[in-house]
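Colleague: sharing a sequence plus its predicted fold:
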Amino acid sequence: MLSIYNYMASGVLLSGIVALGFATSGLAEAVLMTPLRWLIALSPLAFTMVMSFGVNRLSTGAMRGLFWAFSVAMGLSLSSIFFVYTGPSIAVTFFATAGAFAGLSLFGYTTQKNLSGMGTFLLMGLFGILIASLVNLFLHSPGLSWGISFLGVFIFAGLTAYDTQKLKEQYAYVAGTDMAGKVVVLGALELYLDFINMFMMLLRFMGDRR
């Protein structure tokens, strides 16, 4: 599990460096006003799908390369938050998310309670907020947006604990096999997504708009 956490933390750090660098370079303002913004927004999803569905066909090295590419793509995508929220509020929200994530992941790792029963409920909630988010692209409802963020915090908090317990069991099962390296990378991706999504949901409440 330590390898999974190391990859996840390194990916988040890389994304943060790329996001800050892209936002402060002046390139982001120019690029995000062009159709390239759609490529930047959708590329992390493309990397996620390739890694998730291609895990059995891709080599461990390819999975690692895709994870770093995904982290860079996420950094480019996240750069827009620096134009919406103040730097100090982003930092405060990040550290608050890091603390919450650490506690939730520790709970998932150490608890003797079987959390597998939460999986279906959490996935249904995740699909629900994804559909609501797509609908709100057309409605532009502030109330719906706040509701999505409120539910999203709890859903990704639950997924953090659930995914940690699941990954602990998976890693114990494949340790010492050729699949171990792939499980590390895919596990890091899952925890990365839990962290970043929880961060974005909390930023809606804690971020100070410019």
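Modeller: Thanks, I have it. Everything quoted here is computed from the prediction, not taken from an experiment.

Colleague: my guess is F101 contacts D194. True?
Modeller: Yes. Counting by C-beta atoms under 8 Å, D194 is a contact partner of F101 at 7.3 Å. Heads up, the C-betas are built off the backbone N, CA and C, glycines and all.

Colleague: need the residues touching each of these two.
Modeller: Counting by C-beta atoms under 8 Å, 6 or more residues apart in numbering, the contacts common to F101 and D194 are T160.

Colleague: what stretches of the protein score poorly on pLDDT?
Modeller: Scanning the chain for pLDDT under 70 picks out no residues.

Colleague: where along it do the strands fall?
Modeller: Using DSSP state E, no strands are found in the chain.

Colleague: list the buried ones in the longest helix along it?
Modeller: Secondary structure assigned by DSSP state H gives helix 142-174 as the longest helix of the chain. Applying a neighbour-count criterion of 16 or more other C-beta atoms under 10 Å, one finds 148-149, 151-153, 155-168, 170-171 buried in helix 142-174.

Colleague: same thing with stretch 15-26?
Modeller: Neighbour counts over stretch 15-26 (16+ other C-beta under 10 Å) mark S15, G16, V18, A19, L20, F22, A23 as buried.

Colleague: quick check: R210 vs Y85, distance?
Modeller: For R210, the distance to Y85 equals 7 Å [C-beta to C-beta, to the nearest Å].

Colleague: between those two, who's got more neighbours?
Modeller: Taking neighbours as other C-beta atoms under 10 Å, R210 and Y85 compare with Y85 leading, 18 against 10.

Colleague: contacts only, for the nearest residue to the more buried one once chain neighbours are set aside.
Modeller: Closest residue in space to Y85, ignoring its immediate chain neighbours: G207 at 3.8 Å, by C-beta to C-beta, 6 or more residues apart in numbering. Residues in contact with G207 (C-beta under 8 Å, 6+ apart) are I81, V84, Y85, T86, S89, I90, T93.

Colleague: check the residues you listed against N136 and report the nearest one.
Modeller: N136 has its nearest neighbour among the contacts of G207 in V84, at 16.6 Å by C-beta to C-beta.

Colleague: tell me the contacts of that closest one?
Modeller: V84 neighbours (C-beta under 8 Å, 6+ apart): G207, R209, R210.

Colleague: switch those residues over to JSON lines; also include distance to L27.
Modeller: Formatted as JSON lines, the contacts of V84 follow (distance: C-beta to C-beta, whole Å):
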{"residue": "G207", "distance to L27": "23"}
{"residue": "R209", "distance to L27": "23"}
{"residue": "R210", "distance to L27": "19"}
